[in-house]
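> need coordinates for the below:
(one chain, ligands or ions: 1)
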Amino acid sequence: MEKLNVAVVGATGAVGREMVSILEERDFPFADLKLLATERSAGTVINCKGEEYVVEVTTPESFEDVDIALFSAGGTASKKLAPEAVKRGAIVIDNSSAFRMDGEVPLVVPEVNPADISKHNGIIANPNCSTIQMVAALKPIYDQVGIKRIVVSTYQAVSGTGKDAMDELQEQTRAILAGDEVKAEVYPKQITFNALPHIDVFFDDGYTKEELKMVNETKKIMGDEEIKITATAVRIPVLIGHAESVNIETNAQLTVEEAKKALDNFSGVRVVDNPTELVYPVQLDTEETDDVLVGRIRKDDTIENGLNLWVVANNLRKGAALNTIQIAEKLI
Ligand code: A2P
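Next comes the predicted model:
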């Protein structure tokens, strides 16, 4: 396989560091690796495949000779720098929300809509973390019986906000246990020992941007504008791993056993469901697996064709860095 020059923009961030680890774990065939961030962390040394790489400041010229640029530096950086990378011949896989709903930009979960990758014009978008794990779990059910309506509530880890939020959760926990003053800087309220029904900004209709992302991105990835979706996104004091309670109404009946079989046969998804033996997926499980874990699969008897699922995945890996690199693998 031809070796490619790869750049990671945001290499010192929570997702960027996972990207570098995953390039190593999966022995991604890169010839050269450029690790990019801002002045704040330029000079930081990061290891990958036994080599030391020094983080550089990102400039438009950083993308000369880059074949694939993996971006996870926030929407503002992506809007400014992704076109510069494309102009210089790179293909950008972007983890921010900057281009996700752009009609020219494919939005891809490789297990769900791999064919969309080939439609790119230089930029491919990686979906929002909570959307990725939900569509991965729903696709095998959708393929069997179709889905009319989705009601989802999320329980999301602070690492989705980034490294600073992970530090804030740990520092607040330390301060509370030590009896010190508690400071909330990343989140508007204390996150430790709390749950915030607030992820990203609020719109006039009362929903948050995170909730809207789940609605719009799910329709785009599934290629179905007719699915009705309503979401409530909640931040909880967990470091890594998002969980979701997902209630669906299907077009035709699917028994719990049929749903389990379809889920287990789907690449990247694993059923973890035997409650009487205390077997159900939890966020800490995602430190050891890249699968999307699905448990608590139950019939919802309040409607004709209803199912309830509990969906858990590692938001930094399948929800971000891993999905991005899986797109890059499909691309080459
Ligand atoms: P830096 O470490 O220099 O601030 P997180 O999501 O965990 O907060 O990480 C964000 C990542 O994106 C960091 O690596 C950060 O670099 C990087 N970053 C933020 N803004 C830019 C930018 N304008 N250009 C390049 N990298 C950026």
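
> now do the SS call for the nearest residue to D65 once chain neighbours are set aside.
The spatially closest residue to D65, leaving aside those adjacent along the chain, is N5, at 5.5 Å (C-beta to C-beta, 6 or more residues apart in numbering). Where C-beta positions appear, they are placed from N, C-alpha and C, glycine not excepted. Using DSSP: H, G, I helix; E, B strand; the rest coil, the secondary structure recorded for N5 is strand.

> residues in contact with the residue in the chain that the ligand sits nearest to?
Scanning the chain for proximity to the ligand using C-beta to the nearest ligand atom identifies G13 as nearest, at 2.1 Å. Neighbour list for G13: A37, S72, A73, G162, K163 [criterion: C-beta atoms under 8 Å, 6 or more residues apart in numbering].

> tell me the most packed of these, by neighbour count.
Per-residue neighbour counts (other C-beta atoms under 10 Å) across the contacts of G13 peak at S72, which has 27 neighbours.

> which residues touch it?
Contact analysis of S72 by C-beta under 8 Å, 6+ apart lists V8, V9, G10, G13, V15, G16, M19, N95, S96, A320, A321, T324.

> identify the bridge partners of the closest residue to Y280 other than its chain neighbours.
Once its chain neighbours are removed from consideration, Y280 has its nearest residue in G295; the separation is 4.0 Å (C-beta to C-beta, 6+ apart). Here G295 shows beta-bridge partners W310, assigned using DSSP bridges.

> you'd agree G295 is up against D273?
Yes: the pair G295 and D273 qualifies as a contact (C-beta atoms under 8 Å) at a distance of 4.2 Å.

> any common contacting residues for these two?
Common neighbours of G295 and D273 are listed as V279, Y280 (criterion: C-beta under 8 Å, 6+ apart).

> so what's M214 up against?
N128, S130, T131, M134, V152, T154, I229, A231, A233.

> actually L196, not the one I wrote
Contacts for L196 were tallied using C-beta under 8 Å, 6+ apart; they are Y187, P188, K189, V234, R235, I236.

> number of residues surrounding the nearest residue to the second one once chain neighbours are set aside?
Sequence neighbours aside, H198 is the residue nearest to P188 in space, at 7.2 Å (criterion: C-beta to C-beta, 6+ apart). Residue crowding around H198 was assessed by other C-beta under 10 Å; the count is 15.

> list the contacts for H198?
Contact partners of H198, counting by C-beta under 8 Å, 6+ apart, are P188, T208, R235.

> bridged to the residue nearest to D65, which residues?
According to DSSP bridges, D32 are recorded as the beta-bridge partners of N5.

> one more: the one 4 residues further on?
For V9, the residues forming beta bridges with it (DSSP bridges) are L36, F71.

> which ones are touching it?
V9 touches G16, L36, A37, T58, A69, L70, F71, S72, A73, A77, L81, counting by C-beta under 8 Å, 6+ apart.

> filter the contacts of L196 to the buried ones?
Neighbour counting with 16 or more other C-beta atoms under 10 Å marks Y187, V234, R235, I236 as buried within the contacts of L196.

> just the residues you listed: which are in strands?
By the criterion of DSSP state E, membership of these in strands covers no residue at all.

> now, among these, which is nearest to K139?
Each of these was checked against K139 using C-beta to C-beta; the closest is V234, at 23.9 Å.

> in contact with that closest one, which residues?
V234 sits next to S153, T154, Y155, Q156, A195, L196, P197, I199 when contact means C-beta under 8 Å, 6+ apart.

> now it: closest residue in space that isn't a chain neighbour?
With sequence-adjacent residues excluded and distances taken as C-beta to C-beta, 6+ apart, V234 is closest to P197, at 5.1 Å.

> my guess is that neighbour contacts T232, does it?
Yes: taking C-beta under 8 Å as the contact criterion, P197 and T232 are neighbours in contact, 6.5 Å apart.

> when the two are compared, which one has more neighbours?
It is T232, of P197 and T232, that has more neighbours when counted by other C-beta under 10 Å, with 16 against 12.

> returning to what we had before: could I get the contacts of H198 as TSV with pLDDT and distance to the ligand?
As requested, these are arranged in TSV below (pLDDT from 0 to 100; distance: C-beta to the nearest ligand atom, whole Å):
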residue	pLDDT	distance to the ligand
P188	98	17
T208	98	18
R235	98	15
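
> cheers, nothing more for now.
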